[in-house]
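> dropping the sequence and predicted coords here.
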There are 2 protein chains.
Amino acid sequence: MADVMDYASAGVDIDLEGAAVASLISSLTKSVRAKGTKGAPVDLPGGFGGLIEFGDVYLAMATDGVGSKLQIASAINKWDGVGIDCIAMNVNDLLCVGAEPLAFVDYIAVPKPDPIIHGAIGQSLSLGCEQARVTLAGGETASLPGIVTEVDLSGTALGWVPKGETITGEHLAVGDVLIGLPSSGIHSNGFSLVRKILEYAQVKYDDPIPFNPNTECRTIPQYDGKSLTVGDLVLHPTRIYCQPCVDLFEAARHDATPFSINDIHGICHVTGGGLSNLLRLHSTLGWHIHAPLPVLPEFEWLQSIGGVDTKEMYRTFNMGIGMILAVKNEVATVICDWLCNHVEGCAIIGSVVDNGHRVTHAIEGVEFSHY
Amino acid sequence: MADVMDYASAGVDIDLEGAAVASLISSLTKSVRAKGTKGAPVDLPGGFGGLIEFGDVYLAMATDGVGSKLQIASAINKWDGVGIDCIAMNVNDLLCVGAEPLAFVDYIAVPKPDPIIHGAIGQSLSLGCEQARVTLAGGETASLPGIVTEVDLSGTALGWVPKGETITGEHLAVGDVLIGLPSSGIHSNGFSLVRKILEYAQVKYDDPIPFNPNTECRTIPQYDGKSLTVGDLVLHPTRIYCQPCVDLFEAARHDATPFSINDIHGICHVTGGGLSNLLRLHSTLGWHIHAPLPVLPEFEWLQSIGGVDTKEMYRTFNMGIGMILAVKNEVATVICDWLCNHVEGCAIIGSVVDNGHRVTHAIEGVEFSHY
C-alpha cells in the first residue's frame, strides 16, 4: 500500500497546480504603480510577494483558504476551528516577511446559506482574530449552488512592517541556526491524504483515537483524559504564531535586547510541502534538521494505519514543527530562550549548511531538493 | 411567467442569505485592537465596514467574488473578463468610502488546475489591475475537487483614505443631488436570473443578439457592427470607477477646484439589490430618481424575453447606472461636468428627499423601502 498512499494519488496533482500557477504568473503585467509611490510592489531579494510601498512602511497582504480540511468539518458539522485555521494560514504567512498582522477579511462560498453554520464560523473567526490580535474588517458570503457543493472558506490578512525591517532571506548564511516552533497538530495542509488514510484504514471520524493526544507542546481541550474522537483530533485548529513572533520583532527593536531584528534572517511557515518550504527562503543554501521537535502522535498514528512512506509524511505534513526561524548563530540561544518563554517546546533544530540547495534531516531519506 | 421569473425563484434566497450574514455578524466579538492604535476598527456613522486605523490615515479592505457570472464563463470557456469583474467588484466598493484602491489579491478555487484557464484569468486580472491602477500583490490557487465543481474566483482589495476625508453618508441632506455614472452592462450581479431567463427563453450563449449593443456610454469591442453573441454580451466586464472617482477625490483636495471632498456626501455602488443599495447610505432619508440614465439594451431584451416584472428588474440589475454620487446641491453641476469629462454619459439623475426611508423612481412602481 505504501507505494500509492501519497499526496498525489490522494487527488492532488502538485505538478499541475504548479503549472497552473506558473501560467497565471507569466501572464501578469507590471504594476502601473511606480517605484517610490503608494501601492508600488516591493521586489524583495527573497522573492516573497505581497508587499507594497506605503510611505515610510510596507503593507503586506496574504490570501489563503482552509482547503480540504473543510470537507471533514462539513462531514461532521464541526465549525469551531475552521475560522482559526483560516486566519492562521494567512497571518502566519505575513509573519514570514516580518510583518505584524493588523486586519482580516473572510470569504465564505456556500451552496446554500445556513445561519447555524455561519454563526459557528463567525465565532471561530472571532477566536482567531483574538489569537492573532487582528481586526475582522469585513467579509463576504456568496451563495453559489452551481459552483460549490460544500462550504469553502478563505480570507485575506493585512499587515505592515517598517521599511528596513523586512525579513527576506537575503542575509541567510551558512552557520545560521534554525529554531523550531511546535505545531498544534496537522494544521491546514495535507488533508486530502488524511482523508485517504482514514478511508483506507476504515477509521470513522467519531471513532475514539487509540492514544493520548496531549504532549508538553500541545493540549487539546476536547480530550477528557480518556478519549477523543478522530474528527476532533484532526480538526484541532492551526496554531497562530503572532504572539511570539510579533512580540519577538518588537523586543528585537529595543536597544536593551541582546538581539536585533537583523539577526532574524528568515522565517518559514511549514505548510503544504512540509520541510521543503525551507527551500523557498534562499536559492542556493541548504538546510539540515539535526534535532527535530517531537513528532506529534497523530502523525505517527496516521503513518502507521496508512502505511505511508516516511519521506512522504515529511513532504506533506508539518510533523510537529509549525514555523522555523533562521537566526544568526551568536544570538540563537538567547532568541530560543526568549521564544521558549512564550511558546512551550521551541528548540534549536538545525542549521543552514553549504551542501547544495536541499533540505536534509536526522532521519536518513528525508531529503528535499525541490519545493 | 412574470410572477415566478424573479431573483428568489432563480435559486437565490435573499432572506436566508441575510439571516446567515446576521448570524455570523452577531457572533463576532469586539476587536482586541484599541481605538487610536494601528489596526483598530473605525466605527463610521454611515455604518460602512472595512476601515482600520493606521496612524494618520485609514486603510480599507473590501472582499467579494464574481459569483454566478462565472458559471457562464465556465459554460463557454471565456475568461478574459472575469478578472476585471473580480477587481471591479472590490475596488468599486472601496471608492464608496472615499478610499483610493492600492492593491489586490485573488483567490481561485478549482476542481482541477488548468494552466490555460489560469493564464487567461491572469491576463484578465492584469487588465483589471491596470484599469483600477492597483498592484496585484499576491494570490492563491486552491484545488478543491470535493468542494467546487467549477472555477470560483474572488479577491480582496486594499485602499487608503486620509483621516477626515472618508465619505460616510453622515452629511447627507435633503436636496443633495444624485449623479449617475453609467454601467458597462450587467456587471457581476443578478446572474442567477440572467441564466434563468436565457434558459426559459431557450436562448443559447452562442446565439447572436438581436440588437446593436453599443450606446454612447458603452462600447463592446467584440461587436463587429453586425453581430455579437449572447455570451460575449452578458460577460462584458464590470466597469471600474477608480479613474473618475479617485481623480475626483484628488481634484476636490485642490484649493483651486470649486468643490471640496466634503461636498461628496455619499457614494453608492449599485450591486445586487439594484437601486435599493441607496438605502444603505442613510437610515432615514429617501431617494428619488427622476431622470435615470438610459437603460442598456440588454436589460430591455432580458426583461422582454423573460417576461420579468419591471420592479424585479430594478431590484436585481443596475439597469444602466453603475455608481451614484450624492453631492451638495450647490456644486452638483460642476461635479457632474467634471465627471462627464472623464466618463461619457454621467448625468444628474435624482435627489435626496424627505419622504421616508425609501427609493422612488420616475417609473411608477419602482420603489424600495428595504435593501
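Nice, thanks for sending it over.
> can we go C-alpha only for contacts and neighbour counts from here?
Will do.
> tell me if A:A20 really is in a helix.
Yes. Under DSSP: H, G, I helix; E, B strand; the rest coil, A:A20 sits within a helix.
> what about the closest residue to it other than its chain neighbours, how many residues nearby?
Nearest non-adjacent residue to A:A20, counting by C-alpha to C-alpha, 6 or more residues apart in numbering or on different chains: B:P115, 3.8 Å away. As a burial measure, B:P115 scores 18 neighbours (other C-alpha atoms under 10 Å in any protein chain shown).
> what's near enough to touch B:P115?
Shown in contact with B:P115 (C-alpha atoms under 8 Å, 6 or more residues apart in numbering or on different chains): A:16, A:19-24.
> measure it to A:G11 for me?
Separation of B:P115 from A:G11 (C-alpha to C-alpha, to the nearest Å): 17 Å.
> before we move on, what about A:T168?
Taking C-alpha to C-alpha, one finds A:T168 at 33 Å from A:G11.
> higher neighbour count, those two?
A:T168 (21 against 16).
> does that one touch A:L44 like I think?
Yes. With contact defined as C-alpha atoms under 8 Å, A:T168 counts as touching A:L44 (6.6 Å).
> which helix runs longest in chain A?
Looking across chain A with DSSP state H, the single longest helix is helix A:115-132.
> using PDB, write down the CA coordinates of it.
Only the C-alpha atoms of helix A:115-132 are listed here, as PDB (Å, rounded to 0.1, in the frame of the first residue of the first chain):
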ATOM      1  CA  PRO A 115     -27.400  30.700   9.800                       C
ATOM      2  CA  ILE A 116     -26.200  28.000  12.300                       C
ATOM      3  CA  ILE A 117     -23.000  27.200  10.300                       C
ATOM      4  CA  HIS A 118     -22.400  30.900   9.700                       C
ATOM      5  CA  GLY A 119     -22.800  31.700  13.400                       C
ATOM      6  CA  ALA A 120     -20.300  29.000  14.300                       C
ATOM      7  CA  ILE A 121     -17.800  30.200  11.700                       C
ATOM      8  CA  GLY A 122     -18.300  33.700  13.000                       C
ATOM      9  CA  GLN A 123     -17.400  32.600  16.500                       C
ATOM     10  CA  SER A 124     -14.400  30.700  15.200                       C
ATOM     11  CA  LEU A 125     -13.200  33.700  13.200                       C
ATOM     12  CA  SER A 126     -13.600  35.900  16.300                       C
ATOM     13  CA  LEU A 127     -11.400  33.500  18.300                       C
ATOM     14  CA  GLY A 128      -8.800  33.500  15.500                       C
ATOM     15  CA  CYS A 129      -8.900  37.300  15.400                       C
ATOM     16  CA  GLU A 130      -8.300  37.400  19.200                       C
ATOM     17  CA  GLN A 131      -5.400  35.000  19.000                       C
ATOM     18  CA  ALA A 132      -3.900  36.800  16.000                       C
END
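> can you pull out the helices in the stretch 151-300 of chain A?
Ranges of helices within the stretch 151-300 of chain A are A:191-200, A:230-234, A:242-253, A:297-306, based on DSSP state H, counting those that start in this stretch.
> dump those to a markdown table, plus mean neighbour count, distance to A:G356 and mean pLDDT.
Listed next are these as a markdown table, based on neighbours: other C-alpha atoms under 10 Å in any protein chain shown; distance: least, C-alpha to C-alpha, whole Å; pLDDT from 0 to 100:
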| stretch | mean neighbour count | distance to A:G356 | mean pLDDT |
| --- | --- | --- | --- |
| helix A:191-200 | 20 | 30 | 97 |
| helix A:230-234 | 20 | 35 | 98 |
| helix A:242-253 | 18 | 29 | 96 |
| helix A:297-306 | 17 | 29 | 98 |
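> want to try a markdown table for those, with distance to A:I87 as columns?
Formatted as a markdown table, the helices of the stretch 151-300 of chain A follow (distance: least, C-alpha to C-alpha, whole Å):
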| stretch | distance to A:I87 |
| --- | --- |
| helix A:191-200 | 17 |
| helix A:230-234 | 17 |
| helix A:242-253 | 11 |
| helix A:297-306 | 23 |
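> quick one: which of the ones you listed is nearest chain B?
Nearest of the helices of the stretch 151-300 of chain A to chain B, taken as C-alpha to the nearest C-alpha: helix A:191-200 at 9.3 Å.
> before we move on, back to that, and the longest helix of chain A, which residues are buried?
A:115, A:117-132 (16 or more other C-alpha atoms under 10 Å in any protein chain shown).
> orientation of it relative to helix A:242-253 in degrees?
Calculated by axes from the mean of the first three to the mean of the last three C-alpha atoms, to 10 degrees, helix A:115-132 forms an angle of 20 degrees with helix A:242-253.
> for helix A:115-132, what is the average pLDDT?
For helix A:115-132, mean pLDDT is 97.
> export only the CA atoms of the helix or strand following it, formatted as CSV.
Sequence-wise, the next helix or strand downstream of helix A:115-132 (DSSP states H and E) is strand A:135-143. C-alpha atoms of strand A:135-143 as CSV (Å, rounded to 0.1, in the frame of the first residue of the first chain):
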residue,chain,number,x,y,z
THR,A,135,-9.5,43.2,13.5
LEU,A,136,-12.1,41.4,11.4
ALA,A,137,-12.6,44.2,8.9
GLY,A,138,-15.2,42.7,6.6
GLY,A,139,-16.3,39.6,4.8
GLU,A,140,-18.4,38.2,2.1
THR,A,141,-20.9,35.3,1.9
ALA,A,142,-21.6,34.0,-1.6
SER,A,143,-24.4,31.6,-2.4
